[in-house]
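A.B. asks: only the shape, not the letters, is given here:
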């Protein structure tokens, strides 16, 4: 069956449109719903991280329910990282909210607890390997005596074999290695996506949509190139077109 790129783009609702008068303005629920309306049927999958999740809490908006009612898939990027019992209870709540993807950024025993809590709900658990804003220098500062590739691959292998994760969050630069070692049934979700000619901002391991797909990524997470574009729908469609060509060429 042909892969539809429009189903594999996840729009990250982290940063609102730029505001010269308030460069630190946060994404609010009104911004999020405006994007959903503007993007329409072009985008089905959205990432909700801590900024929007907390804004919705303070505004009293049931954000997850609101997205479900609009027929959208939800990637809840809260990077749960607590002790196993706490993670288990958090995941039990997420299951009730009918979320599609959830990030875990915790030791393997907490990841196993998350897998136990999700049961047969269909919730996909993704372990964070190394943030795309981090590099080899950051690993060295953390006292890790491994290359980025070795570190990310090691986490991916342990995530599946010991932690029972469905996949990982990793940059497109490591996607090919993970796909080769982990096989086709392991999810690779890749943030830090920038088209040719775009600034990478705080991402140190950014890649283009096409190169991420060609490397083996299943889903791409794109935020600011869409949410801070002059025309969000056109920006999203352009990225989807780049992705589709890459998927068709595989």
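C.D. replies: Nice, I can see it. Computed from a prediction, not measured in an experiment: that's the story for all the values here.

A.B. asks: for stretch 22-39, the distance to its chain's centre please.
C.D. replies: Averaging C-alpha positions (CA atoms, centre = their mean, to the nearest Å) puts stretch 22-39 18 Å from its chain's average.

A.B. asks: stretch 55-70 too?
C.D. replies: Computed by CA atoms, centre = their mean, the chain-centroid distance of stretch 55-70 equals 19 Å.

A.B. asks: got the end-to-end distance for that stretch?
C.D. replies: End-to-end span of stretch 55-70 (CA to CA, to the nearest Å): 19 Å.

A.B. asks: what's the single longest helix in this structure?
C.D. replies: The longest helix of the chain (DSSP state H) is helix 232-249.

A.B. asks: and it, what does it pack against?
C.D. replies: strand 9-12, helix 29-39, helix 209-215, strand 219-222, helix 224-227 (3 or more CB pairs under 8 Å, 6 or more residues apart in numbering; DSSP states H and E). Just so you know, the C-beta spots here come from the backbone N, C-alpha and C atoms, and that holds for glycine as well.

A.B. asks: can you point out the buried residues in the third one?
C.D. replies: It refers to helix 209-215. 209, 210, 211, 212, 213, 214, 215 (16 or more other CB atoms under 10 Å).

A.B. asks: what do you get for the longest one?
C.D. replies: For helix 29-39, the neighbour count (16+ other CB under 10 Å) marks 29, 31, 32, 33, 35, 36, 39 as buried.

A.B. asks: next one: stretch 102-111
C.D. replies: Going by neighbour count (16+ other CB under 10 Å), the buried part of stretch 102-111 is 102, 103, 104, 105, 106, 108, 110, 111.

A.B. asks: who's in contact with the last one?
C.D. replies: By CB atoms under 8 Å, 6 or more residues apart in numbering, residue 111 lies in contact with 87, 104, 125, 127, 159, 162, 163, 164, 165.

A.B. asks: for the protein, which spans come out with low pLDDT?
C.D. replies: Counting by pLDDT under 70, the chain contains low-confidence residues at 196-205.

A.B. asks: could you redo the last one with a cut-off of 90?
C.D. replies: Within the chain, the stretches with pLDDT under 90 are 1, 15-26, 130-146, 149, 173, 192, 194-207, 250.

A.B. asks: separation between residue 23 and residue 15?
C.D. replies: The spacing between residue 23 and residue 15, counted by CB to CB, to the nearest Å, is 11 Å.

A.B. asks: ditto for residue 94
C.D. replies: Between residue 94 and residue 15 the computed distance is 24 Å (CB to CB).
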